[in-house]
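# got a predicted model here, sequence first, then my questions.
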Amino acid sequence: QVQLVESGGGLVQPGGSLRLSCAASGFSLDAYYIGWFRQAPGKAREEVGCISSSDGITYYEDSREGRFTISRDNAKNTVYLQMNSLKPEDTAVYHCAAQHGYGLGCPEGYNYWGQGTQVTVSS
């Protein structure tokens with residue numbers, strides 16, 4: 001059974017950092033893309049980026065690249081989202097998602113989703 005559990009969210013001051021974790025079970029990361037998404041209140045969900053399956057290449061939405069970094073630990077079957085220089089507009093529920101497949105770029109859709117973790121950036 002595919003399961004994703006996010007953790008690491010919380011309250012952080014502007015300019016601070018957080019590292020979110022996405023613990024995967026029921027599948028191997030080298031066969032699945034893992035994407036990170038966020039949804040702020042009253043706004044549409046937006047993609048942060050993804051990490052590809054077999055080669056672990058990362059892709060980011062342009063506005064997030066540089067402040068956000070996706071990585072993974074295959075031994076722990078966990079994907080991370082490191083977020084630096086956080087801004088109030090980064091406040092959202094952050095979700096990870098998984099999609100089986102191989103190839104370049106992020107997939108168009110994801111079949112499996114975690115429950116999300118709240119990130120609040122405020123002074």
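Perfect, thanks for sending it. Because the structure is predicted, anything quoted here is derived from the model rather than measured.
# count of residues packed around residue 4?
By other Cβ atoms under 10 Å, the residues close to residue 4 number 23. To be clear about C-beta, it is placed using only N, CA and C from the backbone, and glycine gets the same treatment.
# and the nearest residue to it once chain neighbours are set aside, what's its pLDDT?
Distances taken as Cβ to Cβ, 6 or more residues apart in numbering put residue 114 closest to residue 4, at 3.6 Å, once the chain neighbours are dropped. Listed pLDDT for residue 114 reads 97.
# what sits against residue 114?
Counting by Cβ atoms under 8 Å, 6 or more residues apart in numbering, residue 114 makes contact with 4, 5, 6, 22, 95, 96, 97.
# redo those residues as a markdown table? Include secondary structure, distance to residue 121 and pLDDT.
Output for those, formatted as a markdown table (DSSP: H, G, I helix; E, B strand; the rest coil; distance: Cβ to Cβ, whole Å; pLDDT from 0 to 100):
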| residue | secondary structure | distance to residue 121 | pLDDT |
| --- | --- | --- | --- |
| 4 | strand | 23 | 97 |
| 5 | strand | 22 | 98 |
| 6 | strand | 17 | 98 |
| 22 | strand | 20 | 98 |
| 95 | strand | 17 | 98 |
| 96 | strand | 19 | 98 |
| 97 | strand | 22 | 98 |
